[in-house]
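K.L.:
Predicted model, plus sequence, below.
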Amino acid sequence: MLDAPQLLSPAPGSRIDLFTSAAVTFHWLPVDRASAYSLTLFRTIAGLPTKVRSWETADTTLVWKDFSQLTTDTYTVDLQAVRAEGKAVVGQSPVVKSAFRLEQSSKVKAVNLDLNLSVESD
């Protein structure tokens with residue numbers, strides 16, 4: 001069994017402002033003998049965790065810039081270190097869970113330049 005990775009960001013309970021942030025950066029400390037990391041993002045809908053997206057990476061930093069699947073809400077990330085030899089998984093760490101909140105501090109104003117219309121959203 002591998003040691004559990006330590007998630008550094010987003011910090012547990014942190015708040016990320018979608019109005020001022022261009023990305024969500026996931027960063028963790030490397031785990032000895034790990035060859036990859038599995039990261040899964042969940043949002044709770046109707047009391048049930050619903051998978052938003054998952055990634056596999058050999059890096060210890062993942063930057064996500066696609067906010068099209070996100071809304072203001074609380075999200076949970078599951079992070080697990082994996083050791084593989086060829087295509088066979090020979091070791092895994094315990095899953096580390098951490099929650100953070102996406103917020104929007106200001107209204108977004110969209111302007112249609114062709115029709116000169118202005119639309120505000122909450």
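P.N.:
Received, thanks.
K.L.:
separation between the spatially most central residue of the chain and Arg33?
P.N.:
In the chain, the residue lying closest to the centroid (CA atoms, centre = their mean) is Leu41, at 5.2 Å. Leu41 sits at a distance of 25 Å from Arg33 (criterion: CB to CB, to the nearest Å). Glycine gets a C-beta too; all of them are placed from N, C-alpha and C.
K.L.:
Kindly report the same for Asp66.
P.N.:
31 Å.
K.L.:
what do you get for Asp73?
P.N.:
From Asp73 across to Arg33, the span is 35 Å (CB to CB).
K.L.:
Equivalent analysis for Leu18, please.
P.N.:
As judged by CB to CB, Leu18 and Arg33 stand 37 Å apart.
K.L.:
Show me which of the two is the more surrounded one.
P.N.:
Set side by side, Leu18 and Arg33 show more neighbours around Leu18, with 17 against 12, by other CB atoms under 10 Å.
K.L.:
Leaving out the residues flanking it, which one is nearest to that one?
P.N.:
Distances taken as CB to CB, 6 or more residues apart in numbering place Gln104 nearest to Leu18, at 4.8 Å, with adjacent residues excluded.
K.L.:
Repeat that for Asp17.
P.N.:
Excluding its sequence neighbours, the residue lying closest to Asp17 (CB to CB, 6+ apart) is Ser105, at 4.9 Å.
K.L.:
Correct me if wrong: that neighbour contacts Phe19.
P.N.:
Yes. Using CB atoms under 8 Å, Ser105 is in contact with Phe19, at 4.8 Å.
K.L.:
anything in contact with each of those two?
P.N.:
Overlap of the contact sets of Ser105 and Phe19 (by CB atoms under 8 Å, 6 or more residues apart in numbering) is empty.
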